[in-house]
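In: Need coordinates for the following:
(one chain, ligands or ions: 2)
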Amino acid sequence: MTQAATLPLPADWRDFYQLTKPRVMTLVIFTGLCALLAAPGSINPVLGFTAVLCIAVGAGGAAALNHWWEADIDAGMRRTQSRPIPSGRMERTAARDFGIGLSVGSVLVMGLAIGWLAAALLAFSIVYYAVIYTIWLKPRTPQNIVIGGGAGAFPPLIGWVAVTGDVTLMPIVLFSIIFMWTPPHFWALALFVQTDYAKVGIPMMPVVAGEASTRRQILVYAALLLPLSLVPCLIPFAQGGAGWIYGLAASVLSGGFLLLSIRVGLRRPTGPDDTLKPEKQLFFWSIIYLFALFAALVADRWILAPGL
Ligand code: HEM
Ligand SMILES: CC(C)=CCC/C(C)=C/CC/C(C)=C/COP(=O)(O)OP(=O)(O)O
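Out: Ligands and ions are numbered 1, 2, ... in the order given. Here you go, the predicted model:
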């Protein structure tokens, strides 16, 4: 019997949409859009829209490849077992072909419409997420999201390069901010959601190093993030650096992030009845943090250096 004959439901557009991990990718795309809007110089709006679309489609393609590769793992976890492939609505090869199609298409359009440096960075970030993180690091080391998280830090670099055509200090700083942000973002979630990764043999930090060590490491990354988030204020406007609007926002956002991380880092859950409120607050703050920080960067550039 073919696999298709055993599928309970045919996949429809909603399943393909789900393959792109749209909720998570909203923030990924937003950081790319903001970098594009904050970069010195300007880009034709149609080309700017095209560049952001390519980032979105490329990220979605990489996410579809993640679904394809991890179908067996996803089937073993409650959080992911209703995804299109493990639920039996879609064949694995459909996700693979969809992922390859989106990935190749987005890189080609980026190269032809915007430039080949932006396209090369997009191609690299797709390979980073789909191969380096998903296939190589994730099943092997608890540092998986520290190193692998770099994939999610690429969109601002790509958005910036789409406008300026080269990689300078400021987009590297934006990359580093997301790189430093990712471990507290994910580990906070892993402290309060039963991710089930241990059940399927994925060595996530709380399981391998223990909760206490994970809490301490969250604190270290949050402490490093605070000064790092202020580095854009040291870079001149002409090179895309930021002013007091961004500086104020970064101080408040990173200060709040650090305070919440100190609470999470220093506390021990009281037992099964513990609501894990600080951990939940830290995760939600992590999402608001990145949205607001990148929005502030755009506001700063448009208000303080409109003619750049
Ligand atoms: C390797 C790094 C990362 C890991 C392991 C990770 C993991 C997760 C997990 C497991 C969730 C729970 C919800 C879900 O599964 O949809 C989540 C939520 C989320 N993540 Fe991450 N994440 C990572 C990096 C990022 C990056 C780089 C961004 C954006 C810049 C991001 C943005 C989000 C957002 C916006 C949500 C909330 C989605 C919702 O409302 O359902 N994540 N993340
Ligand atoms: C442009 C481009 C390619 C951007 C990629 C952006 C990127 C790497 C985002 C990572 C976010 C993400 C979905 C993490 C989930 O980890 P997981 O996949 O381990 O989570 P799962 O267990 O839910 O599958």
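In: So D273, which state does it fall into?
Out: Per DSSP: H, G, I helix; E, B strand; the rest coil, the secondary structure class of D273 is coil.
In: Tell me the pLDDT of it.
Out: Reported pLDDT at D273 in the predicted model: 82.
In: closest point of the protein to ligand 1, which residue?
Out: Going by Cβ to the nearest ligand atom, ligand 1 is nearest to G152 of the chain, at 2.3 Å. Bear in mind the C-beta positions are built from the backbone N, C-alpha and C, glycine included.
In: In contact with that residue: list those residues for me.
Out: Taking Cβ atoms under 8 Å, 6 or more residues apart in numbering, we find G152 in contact with 28, 129, 178, 182.
In: Quick check: the farthest pair among these?
Out: Greatest spatial distance in the contacts of G152: Y129 and I178, 13.0 Å, computed using Cβ to Cβ.
In: quick one: the strands in the stretch 101-250 of the chain?
Out: Using DSSP state E, counting those that start in this stretch, no strands are assigned anywhere in the stretch 101-250 of the chain.
In: shaky segments in it?
Out: In the prediction, the stretch 101-250 of the chain carries no residues with pLDDT under 70.
In: Contact residues of it facing ligand 1?
Out: Proximity of the stretch 101-250 of the chain to ligand 1, by Cβ under 6 Å from any ligand atom, involves residues 145, 148-149, 152, 178, 182, 185-186, 189.
In: and ligand 2, which of the residues you listed contact it?
Out: Contacts with ligand 2 are made by G152 out of these, judged by Cβ under 6 Å from any ligand atom.
In: Tell me the one of the residues of the stretch 101-250 of the chain next to ligand 1 nearest V161?
Out: I178 (15.3 Å).
In: what about the closest residue to the closest one other than its chain neighbours, how many neighbours?
Out: Excluding its sequence neighbours, the residue lying closest to I178 (Cβ to Cβ, 6 or more residues apart in numbering) is A153, at 3.8 Å. By other Cβ atoms under 10 Å, 22 other residues sit near A153.
In: all helices of the stretch 1-150 of the chain, in order?
Out: For the stretch 1-150 of the chain, helices defined by DSSP state H, counting those that start in this stretch occupy the ranges 3-6, 13-19, 22-38, 45-69, 71-75, 92-113, 116-127, 144-148.
In: Looking at the ones you listed, which is nearest to P171?
Out: Nearest to P171, of the helices of the stretch 1-150 of the chain and by Cβ to Cβ, is helix 22-38 at 6.5 Å.
In: any residues touching the closest one, and which ones?
Out: Identification of contacts with helix 22-38 by Cβ under 8 Å, 6+ apart yields 43, 48, 51-52, 55-56, 59-60, 63, 152, 155-160, 162-163, 171, 174, 178, 240, 242, 287, 290-291, 294-295, 297-298, 300-302.
In: In helices only, show me these.
Out: Under the assignment DSSP state H, the contacts of helix 22-38 contribute 48, 51-52, 55-56, 59-60, 63, 155-160, 162-163, 171, 174, 178, 287, 290-291, 294-295, 297-298, 300-302 to helices.
In: Now, of these, which are buried?
Out: With burial judged by 16 or more other Cβ atoms under 10 Å, the buried subset of these is 48, 51-52, 55-56, 59-60, 63, 155-160, 162-163, 171, 174, 178, 290-291, 294-295, 297-298, 300-301.
In: Now S125. Nearest residue, chain neighbours left out?
Out: Using Cβ to Cβ, 6+ apart, the closest residue to S125 is F154 (3.6 Å).
In: Wait, the residue nearest to I178 touches F179, no?
Out: Yes. Proximity of A153 to F179 meets the contact threshold set by Cβ atoms under 8 Å, at 4.6 Å.
In: State the distance from the residue nearest to L248 when sequence neighbours are not counted to G148.
Out: In this structure, L248 finds its nearest non-sequential neighbour in A296, 8.0 Å apart by Cβ to Cβ, 6+ apart. Per Cβ to Cβ, to the nearest Å, A296 is found 27 Å from G148.
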